[in-house]
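Q: Sequence plus the predicted model coming up.
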Amino acid sequence: MLGKNYDSQVCSIARSLELVGERWSLLIIRDALFAGVTRFGDFQHNLGIATNVLASRLDAFVAAGIMQRDAASDYVLTEKGRALAVALIALTEWGDGWASPIEPPILYEHSRCGAAVHAMAVCETHGAVDADEVSVRIGPGMPAEYLANRRGGSAAR
């Protein structure tokens, strides 16, 4: 069972949520990543977020290495922060298909040619694959004692 935080979880999704799973977090990163927002006041204005909440999220991003402060006191995404782009594109596409009553309000496109950009699962050998073609196997970081206490579902190979 999850407690107040996910830092003891042996799951990359849970550990990611520990860093970016709080309310407002992904919207702040979205604005930084895709709209180029870097200033505290601009985040606050665009999102309508309380200043204390925004300050807390930005401080947490800096502490986690997702953002850094530059000489002008702007909040700039690091490589770690920019690497969230694919996750945000995937979440946007899921939301467009399953959580929105309207047509997609934004579309992602390749800056150089204008073609659509999508997030997808890709096999190193065969290219794009559907979710039902993806299976899970135990990785080198999985402790044996964690597996011993799991219940239900199909066992990972």
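A: Right, received. Where do you want to start? From a predicted model like this one, the values you see are computed outputs, not experimental measurements.

Q: Can you give the domain ranges for the chain?
A: Domain ranges of the chain: 12-82, 85-157, per automatic domain parsing.

Q: out of those, deepest packed?
A: domain 12-82 (a mean of 15; mean count of other Cβ atoms under 10 Å). No exception for glycine: its C-beta is placed from N, CA and C like everyone else's.

Q: end to end, how far does that one reach?
A: Domain 12-82 has an end-to-end distance of 17 Å (Cα to Cα, to the nearest Å).

Q: repeat for stretch 17-30
A: Taking Cα to Cα, stretch 17-30 runs 15 Å from one end to the other.

Q: Residues touching that stretch, excluding its own?
A: 5-7, 9, 43, 47, 49, 53-54, 57-58, 60-61, 64, 66, 77, 81, 84, 88, 91 (Cβ atoms under 8 Å, 6 or more residues apart in numbering).

Q: list the contacts for residue 120?
A: residue 128.

Q: With adjacent residues omitted, what lies nearest to residue 65?
A: Counting by Cβ to Cβ, 6 or more residues apart in numbering, residue 80 is the residue found nearest to residue 65 once chain neighbours are left out, at 5.1 Å.

Q: picking that back up, comparing the domains of the chain by mean pLDDT, which bottoms out?
A: For these, mean pLDDT drops lowest on domain 85-157, to a mean of 90.

Q: so how far is that one from its chain's centroid?
A: Centroid separation for domain 85-157 versus its chain: 11 Å, with Cα atoms, centre = their mean, to the nearest Å.

Q: next one: stretch 13-28
A: 7 Å.

Q: got the end-to-end distance for that stretch?
A: One end of stretch 13-28 to the other measures 19 Å (Cα to Cα).

Q: Equivalent analysis for stretch 18-38, please.
A: 22 Å.
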